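[1] give me coordinates for this.
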Amino acid sequence: EEKPVVEETGNRTAVQVFILEGFPAAQHLRSLFFLVHLLAYLASIMGNVLIISIICVDHRLQTPMYFFLSSFSFLECCFITTVIPQLLAIFLSGRQAISFAACFTQAFFFLFLGATVFFLMAVLSLDRYLAICKPLHYPSIMNSRMCFLLVAACLVLGFLFMAVPVIMLSQSFFCGPNVIPHFLCDFGPLTNLSCSETRSIEMLFFNLALIVLFSTLIIAIFAYSNIVVTIVCLPSAKERQKAFSTCSSHLIVLSLMYGSCVFIYMRPNQASRLDTNREAALVNTVLTPLLNPVIYTLRNKQVHQALRDALSKIKLHRYQRNNAPSL
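    Numbers count the residues shown, from 1 in each chain. Coordinates of the predicted model:
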């Protein structure tokens, strides 16, 4: 027996189940979209797991920068897993029912992990700033204990910033309709379905999102403006190229992340832009996580070398196993 989507509360009804609308204009392309997004999801997971594995096994990459990169890859895997499996289910069925509790759980983890990634990118910017601009103090400042504390601080800040507005919104009243014009339970579409007055919650979320995005952006701008000045002053062209190569991939990833998130969240009025948000959210949840491992591996010579060494060891191991004398 199908679960009712509403339950009676006095003279009003409370929504128990939401319906994720997905992409109704592209229903005829559902099978193609399912295949494309499945492949993108698998490629993102495998790319990030590859980066984590290479960093763990290669002692040359066990430095603060690569510790933060491996943490970033792990968060990316968690981030896309909160969204893409649900998106694949929508492509299979056309639209997808999701319970009230599951919807707000997804919204929380989506926002919590997203905010944590931005704080971690700010930490990566500071790490590059210290390594390039303060090389003599870098080893004493960025020790293993400090690295763990910084990652833990990113998680705590992400949790604190996103938990409050999501909990407040979950306690407001939803009396119908229950169709979310999106492929995930994001904050904006949920506020539009609430029957309660959500203006104060929307403004709180907008201000918190503003703090997350612009505080981390200011840190990144401070770090990279100082890095550029330091790189320009380096006497050797080879040193300048090496310093720039360690930062260029990070700058590309920052541009992709900030571009899509500013477009989605930096306007308080959500209702008029839900359709455009769906496309922007696809960039943020599918395209950017797919490109990040590619950017970090293709533009990083140390990762290149670590991958080549790992492949050489695998080939050598297979050769020795195939040519081992039989007893």
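[2] use CA for all of it now, contacts and neighbours both
    Will do.
[3] using the three-state scheme, assign residue 184.
    Classification of residue 184 by DSSP: H, G, I helix; E, B strand; the rest coil places it in coil.
[4] correct me, but it touches residue 86?
    Yes. Assessed by CA atoms under 8 Å, residue 184 is found in contact with residue 86 at 7.5 Å.
[5] of the two, who's got more company?
    More crowded of residue 184 and residue 86, by other CA atoms under 10 Å: residue 184, with 27 against 19.
[6] next structured bit after the strand or helix carrying residue 35?
    Using DSSP states H and E, residue 35 sits in helix 30-57. As assigned by DSSP H and E, the chain's next helix or strand after helix 30-57 is helix 64-81.
[7] for that following helix, packing partners?
    helix 30-57, helix 100-133, helix 144-170, helix 288-298 (3 or more CA pairs under 8 Å, 6 or more residues apart in numbering; DSSP states H and E).
[8] relative to helix 288-298, how tilted is it?
    Taking axes from the mean of the first three to the mean of the last three CA atoms, to 10 degrees, one finds helix 64-81 and helix 288-298 inclined to each other by 150 degrees.
[9] give me the mean pLDDT for helix 64-81.
    Helix 64-81 comes out with an average pLDDT of 91.
[10] can you check stretch 295-306 too?
    68.
[11] and for stretch 37-48?
    91.
[12] follow-up on the earlier one: of all the helices and strands packed on helix 64-81, which one is nearest residue 311?
    helix 30-57 (10.7 Å; CA to CA).
[13] picking up where we left off before, what comes up buried for the helix holding residue 35?
    For helix 30-57, a neighbour-count test (16 or more other CA atoms under 10 Å) marks 30, 33-34, 37-38, 40-41, 43-45, 47-52, 54-55 as buried.
[14] how far off centre is it?
    14 Å (CA atoms, centre = their mean, to the nearest Å).
[15] before we move on, what about stretch 101-108?
    17 Å.
[16] contacts for that stretch next, please.
    Stretch 101-108 is contacted from outside by 18, 82, 83, 162, 163, 166, 170, 184, 185, 186, 187, using CA atoms under 8 Å, 6 or more residues apart in numbering.
[17] try it again at 7 Å.
    Contact partners of stretch 101-108, identified using CA atoms under 7 Å, 6 or more residues apart in numbering, comprise 82, 162, 163, 166, 170, 185, 186, 187.
[18] how far is the helix or strand hosting residue 211 from where the chain is centred?
    Assigned by DSSP H and E, residue 211 belongs to helix 199-233. The gap between where helix 199-233 is centred and where its chain is centred comes out at 16 Å by CA atoms, centre = their mean.
[19] any buried residues in it, and which?
    In helix 199-233, counting by 16+ other CA under 10 Å, buried: 201-202, 204-206, 208-210, 212-213, 216-217, 219-220, 223-224, 227-228, 230-231.
[20] stretch 18-26 now?
    Applying 16+ other CA under 10 Å to stretch 18-26 flags 18, 19, 20, 21, 22, 23 as buried.
[21] next step: those restricted to strands.
    Per DSSP state E, strands hold the following members of those: 18, 19, 20.
[22] ok, of those, which one's closest to residue 115?
    For these, the residue nearest residue 115 by CA to CA is residue 20; the value is 23.1 Å.
[23] just the pLDDT for the closest one.
    For residue 20, pLDDT reads 90.
[24] for residue 149, see how far away it is.
    For residue 20, the distance to residue 149 equals 38 Å [CA to CA, to the nearest Å].
[25] what do you get for residue 188?
    Taken as CA to CA, the span from residue 188 to residue 149 is 32 Å.
[26] repeat for residue 202
    31 Å.
[27] mind showing which ranges of the stretch 101-250 of the chain have poor pLDDT?
    The model of the stretch 101-250 of the chain has pLDDT under 70 over residues 239-240, 242-243, 245-246.
[28] of the helices and strands packed on helix 64-81, which approaches residue 313 most closely?
    The nearest among the helices and strands packed on helix 64-81, by CA to CA, is helix 30-57 at 11.8 Å.
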